[in-house]
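Asks: Could you look at this predicted model? Sequence included:
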Amino acid sequence: SMNKGEMYDVIAKLKEISDSNPEEARKILTQHPQLPEAILYCMSELDMIKTPVATSGIGVPLPAPGIAPPIPSDPRARAAPPQPVQLSD
């Protein structure tokens, strides 16, 4: 399990990559389909995003404005805990 400092470092590194090389960031996210969900979890734990209060008619929370919903991933990938990602420098 990662502590909050480690979570922040991962998010900061991915932001740095996305700012300097958007294509590389896209490639990392595409190669690791569970990563967007893990990033949203980390951002939620770090109070970087607010959990929406409104829900749809079936009790499923609606996505917050301006935040894309996580990319659906293979259900088997969700069952496994997030694996450390080796980011290239």
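Replies: Okay, I see it. Numbers count the residues shown, from 1 in each chain.

Asks: switch to C-alpha atoms for all contacts and neighbour counts from now on
Replies: Will do.

Asks: Return the set of buried residues in the biggest helix by length in the chain.
Replies: What stands out as the longest helix in the chain, according to DSSP state H, is helix 4-20. Buried residues in helix 4-20, defined by neighbour count with 16 or more other Cα atoms under 10 Å: 7-8, 10, 14, 17.

Asks: ok, those vs residue 31, which is closest?
Replies: residue 14 (13.9 Å; Cα to Cα).

Asks: quick one: contacts for the nearest residue to the closest one once chain neighbours are set aside?
Replies: With Cα to Cα, 6 or more residues apart in numbering as the measure, residue 25 is the residue that lies nearest to residue 14, at 6.9 Å, once sequence neighbours are left out. With contacts defined as Cα atoms under 8 Å, 6 or more residues apart in numbering, the neighbours of residue 25 are 14, 17-18.

Asks: Next, the angle from the following helix or strand past the longest helix of the chain to helix 4-20.
Replies: Tracing the chain past helix 4-20, the next element assigned as helix or strand by DSSP states H and E is helix 22-31. Counting by axes from the mean of the first three to the mean of the last three Cα atoms, to 10 degrees, helix 22-31 lies at 130 degrees to helix 4-20.

Asks: Okay, buried residues for the helix or strand following helix 22-31 please.
Replies: With elements assigned by DSSP H and E, the helix or strand that comes after helix 22-31 is helix 35-45. Neighbour-count burial for helix 35-45, counted by 16+ other Cα under 10 Å, picks out 35-40, 42-43.

Asks: Would you mind listing the buried residues in stretch 27-36?
Replies: For stretch 27-36, by 16+ other Cα under 10 Å, it's 28, 33-36.
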